[in-house]
Each structure stands twice: as C-alpha cells, then as structure tokens.
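1. fold the following, please.
(chains A and B)
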Amino acid sequence: MKDLSHHLLDILENSASAGATAACVRASWRGTCLDLEISDNGPGFPARVRDDPTDPFATTRTDRPVGLGLSLLRASAEKTGGGLEFGSDPAGGIRLRASLDLGHPDAQPLGEVEDALCAAMLSWPGLDLEVRIGPDQREVLDTRVVKEQLDGVQIGAPQVQVFLRGLLRAELAPLYEWAAAVPWNGGVSPGKGGRA
Amino acid sequence: MKNLDELRGIRDEVRKALEMRAEGQRARIVVGMGTCGIAAGARETMLAFVEALTAEAITDVAITATGCAGFCDQEPLVDVEVRGEPVVRYGHVNAAGARRIVREHIVAGKKVEALALG
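-> Numbers count the residues shown, from 1 in each chain, chains lettered A, B, ... in the order given. Next up, the predicted model:
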C-alpha cells in the first residue's frame, strides 16, 4: 500500500466483506505517533485466524489460502517501531489499533483519508461509517446522518460523493495539519499525499 | 458533522434527475476493490469515475465495487455493464483509463479496445 489511507480502505473492505453493517474509525495523535483504531459490528475474527489475524496463511478467503491485508498493515506499523493490536468490540465485531510513528524514516505518508472514506462509501454503501479525530474525538463523518439527509437518494451518487469529499477534506484539516508538522514525512496534505 | 444544508440541495438535484428518467440506470461500473485492487490504485480509478461522470453530468450510471476476481496482476479491474449489452471487462484501468471509458464507452457507446481484456 502506498500510504496509510490505502490501508484504512483495505481494512474497511475486510469489515464489509465479513458482513459488518457499521464501522468506526478513530484517529488520535501524540508527538509524532498516530493511533488508528478501527472497530466494526461484524462477526469478529473466526476461530481459524483468531490466533494471529495477521498471518497471511490464515485467511477467511475461500478462493486461495493467502490473505495479505492485515499482514501488510502490521508490517507498515512495525517498521516505524509501532504495532498492530487486536481486541474484541463489545458489539461483537473486531477492534484493531495500529500505532505508527510518522516521524520514523520508514513511515508511509498518511495519504488522502477522505478519498479512502469516499471509496468505502461508494464500494460498500451498506457499511455505515463513523469517523472521529483528534484529542477531542470530534466527529467528522457519520454516514447515518448523511443518509437521513439524503432521504432515499444513494450515498454513492457521484454528485453526493464530490460534495462529501470536499467536506471531509476540510473536516480532516486538524489531522493533516498535525501530520504536516511531523518532521520526515513523505507528504501528507490533500492533493500531494504520497509517492504516487 | 456540519454543512449538510448544501447536501440537501444536491439530494434534490439528484432526485430530480432520477425522476426525469423512468427507465432507471443506464449502466453500472464495477471496480475491483480487494486488497490487490486497492494496492494497484483502484481507489484512484473509482474516484476518477466519480469525477468524470459528474463532469459529464451523468446521473444514470452507478459505481460499485467487487472483491478480488483472481486476476490480481490485471488490477485495477473494471467491469462496465451497459444495459442490454454484454459486460466488458477492462484491466489496468488507471484514472486516465477511467476518464477514457466514460468518454468512449459510456458517452459514445464504443468499447475501449485498448483496455479491454479477452
């Protein structure tokens, strides 16, 4: 994955394909370290992969015996001196926390988080997303509220997504401002988010 | 969340456009959004479709996603399903490819041979 926002999209894909109908993303930071916590209301990790969900050879895939998503995220976190932790959500789904030091020379850039969220809304409209950021865990997105406003119009309608992308980019500003101030980071602000 | 007043305006526009077409969706664009697709740039491809459809003011084409189809080396994979026509599968579709597919296949009705698989 070229940046962290692509990992986020990949984890949300796991939630959606496991049958979750809601996922919560929380980003918080301290110093140069970012904590990214993702939880969902899906069935949780099945017994087969529970021992080590990041083992690429323990996968829920049925078409082939290798799954790479979580192992790639773990590698990205560990190479910055951070890691990936798993827990279970009270609601029964998964809860995972990636801790990354964005000041580490091997850290990936943050990338465009709003693009990951828009792609998730387009790809899995049935997966409700709640996103909170910062020390005060301010809510930047709640698709349930958006859907209420849309009153039957699809959240994936291109015109709706163009609007939400702009809105989210503005709402995520505190995260981008923090990341941009971290020394040694591959480029984090919207529009130049990574080594494309 | 804030600024949702504007969203209600967009909702009304989309709804009006939908009501003007009794026959429903003209086409569906399906982007491979598994780990392989995402790593190959499927997210950028999908958002390029969003932008291109919006720029052409097209409201009767749906964008959706599917998982890994097993042709990971051809990702980003895109299936274009125009109603009444066979599905066309495209491979290695980047943002420029997405814009081309909208222009040539969706608008002009002509399959983009250079990107089509099989």
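
2. quick one: the helices in the chain?
-> No chain specified, so I'll use chain A. Per DSSP state H, chain A carries helices over the ranges A:4-17, A:47-50, A:69-78, A:113-123, A:143-150, A:158-171, A:173-181.

3. chain B is the one I meant
-> Going by DSSP H, chain B shows helices at B:4-19, B:35-40, B:42-55, B:95-100.

4. do you know which of those lies nearest A:A77?
-> For A:A77, the closest of the helices of chain B is helix B:35-40, at 16.2 Å, according to Cβ to Cβ. Yep, even glycine has a C-beta here, placed from its N, CA and C like the rest.

5. dump the closest one to CSV, restricted to CA.
-> What follows is helix B:35-40 as a C-alpha-only set of coordinates in CSV (Å, rounded to 0.1, in the frame of the first residue of the first chain):
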residue,chain,number,x,y,z
THR,B,35,-6.5,-5.8,-1.4
CYS,B,36,-4.9,-6.3,-4.8
GLY,B,37,-7.2,-3.7,-6.4
ILE,B,38,-6.6,-1.2,-3.7
ALA,B,39,-2.8,-1.7,-3.9
ALA,B,40,-2.9,-1.3,-7.7
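
6. residues in contact with that helix?
-> A:1-2, A:6, A:9-10, A:13, A:67-69, A:72, B:31, B:68, B:72, B:75-77 (Cβ atoms under 8 Å, 6 or more residues apart in numbering or on different chains).

7. what mean pLDDT does it have?
-> Averaging pLDDT along helix B:35-40 yields 95.

8. can you check stretch A:154-171 too?
-> Stretch A:154-171 shows a mean pLDDT of 95.

9. please tell me how far B:G118 sits from chain A.
-> According to Cβ to the nearest Cβ, to the nearest Å, B:G118 stands 20 Å off from chain A.

10. per-residue confidence at that residue?
-> Per-residue pLDDT puts B:G118 at 73.

11. count the neighbours of the residue nearest to it when sequence neighbours are not counted for me.
-> Counting by Cβ to Cβ, 6 or more residues apart in numbering or on different chains, B:G118 lies nearest to B:R89, which is 6.7 Å off, once chain neighbours are set aside. Residues lying near B:R89 (other Cβ atoms under 10 Å in any protein chain shown) number 20.
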